[in-house]
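Chemist: Please work out how this folds:
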Amino acid sequence: MMENKGQISGEYLLLVGVLIIILMVSAVFIAGENELNVAMSAARSGVTEGIGVSSAAMYSIDSYNDYSTSKSNLLHPYSIDIVNISYSELGVDNNYGKKKIQFNVYAKASEKYSKSELDSIGDRINYNLRKSLAISFNSTSSTNNLYNPVFSQHYVFTTANIKWV
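Modeler: Numbering: from 1, shown residues only. Just a heads-up that it's a prediction; the model follows:
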């Protein structure tokens, strides 16, 4: 009869131990998913900012001088609509030992632009997307002036060229 008294506390300790292990494994998974949610939110914010700055035709003096000679259509306000923002996981980046995520933005312009003009608009949108990611993950000091690539704890982020539809 005395043998049964310690069994319930042993089962309780085993159950608590299993629950702690499950919580630890879940926390790692949830942290990674949270990073991707933060990244997607930052990407949307950056794309919106990039479209706002670009479509208002507000440029640095260097960009203005370049556009005034070769891309004069971009010196006037225009409208860009975002169709979709998505990301693709490209496996582990061997240089950084982190998963590589590439953002893809699909957009359409209100007017006809040359490929060169669309590339310039797309570059500005992607720059602001990456900048927003770097600010969100507090990694502006660990990337270059173009914010490419951007780092988080578990991921390396890049952007693909804007796909115009």
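Chemist: Name the helix or strand for Asp81, please.
Modeler: strand 80-93 (DSSP states H and E).
Chemist: same thing with Asn161?
Modeler: With DSSP H and E as criterion, Asn161 is part of no helix or strand.
Chemist: what number of residues lie near it?
Modeler: Neighbour count for Asn161, taken as other C-beta atoms under 10 Å: 12. Just so you know, the C-beta spots here come from the backbone N, C-alpha and C atoms, and that holds for glycine as well.
Chemist: Below-threshold pLDDT in the chain: ranges please.
Modeler: Within the chain, the ranges that satisfy pLDDT under 70 run 1-7.
Chemist: Please list all residues in contact with Ser55.
Modeler: Going by C-beta atoms under 8 Å, 6 or more residues apart in numbering, Ser55 touches 77-80.
Chemist: Mind listing the strands the strand holding Asp81 pairs with, and their directions?
Modeler: strand 98-109 (antiparallel) (DSSP bridges).
Chemist: Quick check: buried residues in the strand it pairs with?
Modeler: Residues 98-101, 103, 105, 107, 109 are the ones in strand 98-109 that count as buried (16 or more other C-beta atoms under 10 Å).
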